[in-house]
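Enquirer: need a structure here:
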Amino acid sequence: MFQGLAQRPWHALCRLYLQHHATRVCQPCRGWKDSRTTRSLWYSLPASYIPGTATTTQIHFYSSTSGEKDGPDKTSTTASPDKASASQPKPEATTAHGPSATGQSASETIHVKVRAVLKKRDYGSKYTKNNFITVVRAMNEFCLKPSDLEQLRKIRRRSPHDDTEAFTVFLRSDVEAKALEVWGSHEALGRECKLRKEVEQEYKENLFQNQKLLKEYKDFLGNTKPRSGKRLTFLQGPGKVVMVAICINGLNFFFKLLAWVYTGSASMFSEAIHSLADTCNQALLAVGISQSVKNPDPGHPYGFSNMRYIASLISGVGIFMMGAGLSWYHGIIGLMNPQPIESLLWAYCILAGSLVSEGATLLVAINEIKKNAGIRGVSFYEYVMQSHDPSTNVVLLEDTAAVLGVILAASCMGLTSLTGNPYYDSLGSLGVGTLLGAVSTFLIYTNTEALLGRSIQPEQVQKLTEFLENDPAVRAIHDVKATDIGLSKVRFKAEVDFDGRVVTRSYLEKQDIEQILNEIQQVKTPEELENFMLKHGENIIDTLGAEVDRLEKELKQRNPDVRHVDLEIL
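Expert: Numbering: from 1, shown residues only. Just a heads-up that it's a prediction; the model follows:
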């Protein structure tokens, strides 16, 4: 057995200890120690089996795992040769097992320490043997039909989607083998994939024609698809506020324009431009609301909710350029070249009508914001400043500016009527332009902040973090990011340090302990130990994934604003 001992590469932390005056007996193997201590394995054989050993020698072979330093077991005798003779048992105590050591030369004991480790596997840079693949990918990437997949091994895995609990997958190696069986070779499979890509590209190029044919087909047979919810969007909530504002501001623009043509007042011109800017911007808001309710697609996985902020941002820029710019321009022209103003009676009547209509729209916007602020549990001011609903905020600020602008324009026109000085009217135009500039600046700032992905309030972040930390499976939370992605939809991300013992205990609670004990008792070889650990290790990893899914689901249920949760295992 030991003839090849000197030829084997015993380079794994081997140490040799010579101990004199030892007996030539073969001591029994003490086996594995308690797993909670050193886990060492000892083998003892006489040294007479080793070629070239002339003296009595005793050999101990043992292995150790984690937690044990290099060197022999603490219970073994490692004393020096001088002290070893004093600690050796008397010859009478060993004669029962072998000859006495009396009259013999100094005995030697050789201790060899060997670590039992599994051979490291080289998987290479690309290893897909154990990868799973879905039905759709198997059909698209390997050009297979559903009938080709019926005979393959089906594996049920935990679904990554909230609406389904589990779904069926296949081993990629099985799918590849089936594809080779169907197509004959990799070259034939590659040609078929290339052909299908060309057909797909041709379809994309003719997409407009295909959509036209599909529309004609639906018109001929009747479209049975349910109506889109976009119509309902403009009958309630922010959509309703925007549509009311469009109608009122459109009428106001028409009547103010007539009043300016009749009177030539600079303030009336500014008000007409103001109403036109409001009408155009609110039409843009309507487009943004219509786009924001679209369902997510592969190109936009988080949806189109930010379209409202984009539309509001463009609206703010439009107010600044069209409303404020033209009002300032006309006011400056009036100061440089004052013109006499005709009768302002009709102008006062139109301004009074505008004040009533703009006030009504303002009340609609205020009531909508109060209702939504009450639902979210924030104040009216916080709701506006945090821009929870950009469309309603735009209507609120534009109508507020419109009411103040009507009052300012009427006051300046009144001063012009009383004094006959046209400069007051021009100053009114500059005042309206300044008011519009302030509103546009606020809209640009708040919507830019929202599009940049601002964090939610610290109190809400603390609430979400405490919920996770109170779970027994979680040890700590790090690198928390809670971002508002639009319309009060929150994306939550955190690094989670899971408690492996709690996760393992959760797995064991669902298993038959007696069966696991029987499996442990049947483990005799390193290969059997590896298979046992691989089996239960994979199941424990699945249990960890189930814990992540559970935390994400509970986080969404307790916090409806949280729509996307990314918990990364630390």
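
Enquirer: who's residue 484 bridged to?
Expert: Taking DSSP bridges as the rule, residue 484 bridges to residue 490.

Enquirer: Name all residues that make contact with it.
Expert: 450, 453-456, 490 (C-beta atoms under 8 Å, 6 or more residues apart in numbering). Where C-beta positions appear, they are placed from N, C-alpha and C, glycine not excepted.

Enquirer: Just the buried ones among the residues you listed, please.
Expert: 450, 456, 490 (16 or more other C-beta atoms under 10 Å).

Enquirer: which one is the first one nearest to, not counting chain neighbours?
Expert: Looking back up the chat, that one is residue 450. residue 309 (4.8 Å; C-beta to C-beta, 6 or more residues apart in numbering).

Enquirer: What count of nearby residues applies to that neighbour?
Expert: 23 (other C-beta atoms under 10 Å).

Enquirer: tell me which of the buried ones among the contacts of residue 484 is nearest to residue 554?
Expert: Comparing the buried ones among the contacts of residue 484 against residue 554 with C-beta to C-beta places residue 490 closest, at 15.1 Å.

Enquirer: hang on, the earlier thing: in helices, which of the contacts of residue 484 appear?
Expert: Counting by DSSP state H, the contacts of residue 484 place residue 450 in helices.

Enquirer: If you tally nearby residues, what's the number for residue 372?
Expert: Neighbours around residue 372, by other C-beta under 10 Å: 18.

Enquirer: Show me what the helix or strand where it lies is packed up against.
Expert: If you go by DSSP states H and E, residue 372 is part of helix 345-376. Packed against helix 345-376 by the contact rule (3 or more C-beta pairs under 8 Å, 6 or more residues apart in numbering; DSSP states H and E) you find helix 237-263, helix 266-292, helix 380-385, helix 390-419.

Enquirer: contacting residues around the third one?
Expert: When contacts are taken as C-beta under 8 Å, 6+ apart, the neighbours of helix 380-385 outside the stretch itself are 369-370, 372-373, 376, 389, 393, 396, 446.

Enquirer: Kindly state the pLDDT recorded for residue 131?
Expert: Looking at residue 131, its pLDDT reads 88.

Enquirer: burial measure for the nearest residue to it once chain neighbours are set aside, as a count.
Expert: Spatial nearest neighbour of residue 131, chain neighbours left out: residue 172 (4.2 Å); criterion: C-beta to C-beta, 6+ apart. As a burial measure, residue 172 scores 18 neighbours (other C-beta under 10 Å).

Enquirer: So residue 172 sits against residue 129, correct?
Expert: Yes. Counting by C-beta atoms under 8 Å, residue 129 is a contact partner of residue 172 at 7.4 Å.

Enquirer: Overlap of the contact sets of the two?
Expert: By C-beta under 8 Å, 6+ apart, no residue touches both residue 172 and residue 129.

Enquirer: returning to that earlier point: flag whichever of the contacts of residue 484 scores worst on pLDDT.
Expert: Ranked by pLDDT, the contacts of residue 484 bottom out at residue 453, which has 77.

Enquirer: Check the spacing between that residue and residue 309 real quick.
Expert: Using C-beta to C-beta, to the nearest Å, we find residue 453 at a distance of 11 Å from residue 309.

Enquirer: ok, now residue 201?
Expert: Applying C-beta to C-beta, the value for residue 201 to residue 309 is 35 Å.

Enquirer: Next: residue 276.
Expert: To residue 309, residue 276 is 23 Å away according to C-beta to C-beta.

Enquirer: tell me which element residue 567 falls in.
Expert: Counting by DSSP H and E, residue 567 is part of strand 562-569.

Enquirer: Could you do residue 495 as well?
Expert: With DSSP H and E as the test, residue 495 turns up in strand 490-498.

Enquirer: Show me what counts as buried in the helix or strand that that strand is followed by.
Expert: Of the helices and strands lying after strand 490-498 in sequence (DSSP H and E), the nearest is helix 500-508. Residues of helix 500-508 classed as buried: 503, 506-507 (neighbour count, 16+ other C-beta under 10 Å).

Enquirer: List of residues touching helix 500-508?
Expert: 472-473, 516, 536, 539-540, 543-544, 547.

Enquirer: I'd like the average pLDDT over the helix or strand following it.
Expert: Going down the chain from helix 500-508, the next helix or strand is helix 513-521, by DSSP H and E. Helix 513-521 shows a mean pLDDT of 92.

Enquirer: and the angle for the helix or strand following helix 513-521 with strand 490-498?
Expert: Moving toward the C-terminus from helix 513-521, the next helix or strand (DSSP H and E) is helix 526-558. Using axes from the mean of the first three to the mean of the last three C-alpha atoms, to 10 degrees, the direction of helix 526-558 lies 150 degrees away from that of strand 490-498.

Enquirer: packing partners for helix 526-558?
Expert: Packed against helix 526-558 by the contact rule (3+ C-beta pairs under 8 Å, 6+ apart) you find strand 155-158, helix 458-469, strand 490-498, helix 500-508, helix 513-521, strand 562-569.

Enquirer: Show me which positions of it end up buried.
Expert: Buried residues in helix 526-558 (16+ other C-beta under 10 Å): 536, 540, 543-544, 547-549, 551-552, 555-556.

Enquirer: for stretch 314-330, same thing?
Expert: 314-316, 318-320, 322-330.

Enquirer: same deal with stretch 188-202?
Expert: 189, 193.
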